[in-house]
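Visitor: Next come a sequence and a model predicted from it.
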Amino acid sequence: MTPNLDAVNAASHDKPAAQAQRAAIGSFVGAVVDWYDFLLYGIVAALVFNAAFFPKVSPTMGTLAAFATFGVGFLFRPLGGIVFGHYGDRLGRKRMLVLTVMMMGLSTVAIGLLPTFSTIGWWAPVLLVTLRAVQGFTVGGEWGGAALMAVESAPRGNKAFYSSGVQVGYGVGLVLATGFVSLLSHWLGDSAFRSWGWRLPFVFSIVLVGIGLWVRASTDESAEFVETVEHQHRKLKLPVIEALTRHPKAFAYIVAMRLAELFSMYIVTTFALSYSTTRLGMSRDLFLNIGLLVGAISCVTIPCFAWLADRHGLKRIYLIGAAIGLIGAVPFFAALEARATIWIVIFSVLLANIGHDMVVSVQQPLFTELFGAQYRYSGAGVGYQFASVVGGGFTPFIAVALTSLAGGSWHLVAGYLAIGCLLSLIAGARIRS
């Protein structure tokens, strides 16, 4: 019998399309799990960890210590990028992504079950720092693999849109983490939440891990990676070294281009929560609700900006976003100082949902395509995570220190944010796209 050529062609066309969709969904769901766990720590650290794990120091030093443990996770992200990138370039993206979800979930649940200082003394902050390090190591391997699975499987001309789920996962994770904390804080009251209620969102992570493992286990390996493995004459012993030696400028560009994203998001969602409650005497519910708002809006704005970027240019969208971050730095803090709730919300959305979301919507194709397929997981992943250390992990810590140095004033922190956005703007203008 003669085969139906139209049916054969349709089937061959549908298979890559279905694979692209599965890869995009798998990257999105895994990113939700990992970012829920990672961001939850920062939110609870701003509210509880200073008293629960560092009660023997002053309130300011306790806050600094809590944010320092927050930053420890970022220190271990480049190591995770190196290790997971190495094996991801040699063994495949899928295996590493299943492992990252499992490790992140288990370490997060362990934090929720961890005894506090009043029970086991200084072992409590030591174990907290250790588990935070595991979180950082794990998330260090997440972005590179998730971004590559989506970008390498996406149809030509739609790479930003198909890979935007990696960043939407951040927004959904932020909504889930902030929403859970906000609801529990409201229902249980301040005393119960600080005593034991903060543990529940960490333990809940086990549910998300189960969903993430199920979705990622059913996702196919990246076709581009499989094709590269079949045609390469030798396996690279150290893919990260190959990436560094062949594309040294790419690492510097990635670090600089992430500053606008990292400074704006962590100042709006983490530092401002602490600053507004401790320095200005404002209700913590305001910035918990702002975290919910910007996370929810990002689920729409990120894919929309990615869709626009696929049609009008990745670089153009990126530069507009970085410029908005630069312009919005001072007005955000001026509104905060004035305790003008409406303007605080407006400028939070401007920084987090316009500036930040425009920048992150194009990072996956911009960053990953700076490197060859043989060492792309290592190159893009390590560069991305090293930037997280430079511009993300210690941003709340640095912001608190700058505020203390300025006698409680916000001006140095606003300048810090503006300079980061300016550097991103300069780097983005120089990169080829």
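Guide: Perfect, I can see it now. Here the structure is a predicted model, which means the values were calculated and not measured. Numbering: from 1, shown residues only.
Visitor: quick one: the strands in the stretch 51-200 of the chain?
Guide: Assigned strands in the stretch 51-200 of the chain: none (criterion: DSSP state E, counting those that start in this stretch).
Visitor: Give the residue spans of it that score low on pLDDT.
Guide: Counting by pLDDT under 70, the stretch 51-200 of the chain has low-confidence residues at 57-60.
Visitor: how about the helices in it?
Guide: For the stretch 51-200 of the chain, the helices defined by DSSP state H, counting those that start in this stretch occupy 59-75, 77-91, 93-112, 117-120, 123-153, 159-163, 165-188, 190-192, 199-203.
Visitor: didn't A160 look like it was pressed against G313?
Guide: No: with contacts counted by Cβ atoms under 8 Å, A160 stays clear of G313, the gap being 10.0 Å. To be clear about C-beta, it is placed using only N, CA and C from the backbone, and glycine gets the same treatment.
Visitor: can you tell me which of the helices of the stretch 51-200 of the chain comes nearest to L273?
Guide: helix 165-188 (9.5 Å; Cβ to Cβ).
Visitor: Which positions within the closest one qualify as buried?
Guide: By neighbour count with 16 or more other Cβ atoms under 10 Å, helix 165-188 contains the buried residues 165-182, 184-185, 188.
Visitor: just stretch 46-55 next, same as before
Guide: When neighbours are counted by 16+ other Cβ under 10 Å, the buried residues of stretch 46-55 are found to be A46, L47, V48, F49, N50, A51, A52, F53, F54.
Visitor: Nearest to T403, out of the helices of the stretch 51-200 of the chain?
Guide: Each of these was checked against T403 via Cβ to Cβ, and the shortest separation belongs to helix 59-75, namely 9.6 Å.
Visitor: pLDDT weak spots in the stretch 251-400 of the chain?
Guide: Residues of the stretch 251-400 of the chain meeting the criterion pLDDT under 70: 373, 393.
Visitor: could you check the distance from V166 over to S218?
Guide: Look at V166 and S218: by Cβ to Cβ, to the nearest Å, they are 18 Å apart.
Visitor: Quick check, L113 in contact with V203.
Guide: Yes: checked against Cβ under 8 Å, the pair L113 and V203 is within contact range at 7.0 Å.
Visitor: Between those two, which is the more surrounded one?
Guide: Between L113 and V203, counted using other Cβ atoms under 10 Å, the more crowded position is V203 (14 against 9).
Visitor: so F305 makes contact with S361?
Guide: Yes: with contact defined as Cβ under 8 Å, F305 and S361 form a contacting pair (3.9 Å).
Visitor: which residues do those two both contact?
Guide: Common neighbours of F305 and S361, counting by Cβ atoms under 8 Å, 6 or more residues apart in numbering, are S164, I317, G321.
Visitor: Check the gap between the second one and T301 for me.
Guide: I take that to be I317. Counting by Cβ to Cβ, the separation of I317 from T301 is 11 Å.
Visitor: One more: F28?
Guide: The value you get for F28 to T301, if Cβ to Cβ is used, is 15 Å.
Visitor: And for P115, the neighbour number?
Guide: When counting by other Cβ under 10 Å, one arrives at 13 neighbours for P115.
Visitor: pretty sure it is in contact with W122, am I right?
Guide: No: taking Cβ under 8 Å as the definition, P115 is not a contact partner of W122, at 11.6 Å.
Visitor: tally of neighbours for the closest residue to R430 other than its chain neighbours?
Guide: Excluding its sequence neighbours, the residue lying closest to R430 (Cβ to Cβ, 6 or more residues apart in numbering) is Y253, at 7.3 Å. For Y253, the count of nearby residues is 21 (other Cβ under 10 Å).
Visitor: contacting residues around Y253?
Guide: With Cβ under 8 Å, 6+ apart as the criterion, the residues that contact Y253 are L370, A427, R430, I431.
Visitor: how about these in CSV, adding neighbour count, distance to M149 and secondary structure?
Guide: Shown next, in CSV, are the contacts of Y253 (neighbours: other Cβ atoms under 10 Å; distance: Cβ to Cβ, whole Å; DSSP: H, G, I helix; E, B strand; the rest coil):
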residue, neighbour count, distance to M149, secondary structure
L370, 21, 17, coil
A427, 20, 26, helix
R430, 12, 28, helix
I431, 19, 23, coil
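Visitor: Return the residues in contact with L39.
Guide: Contacts for L39 (Cβ under 8 Å, 6+ apart) come out as Y170, G173, L174, A177, T178, T269.
Visitor: hang on, I meant L244
Guide: Counting by Cβ under 8 Å, 6+ apart, L244 touches F251, G379.
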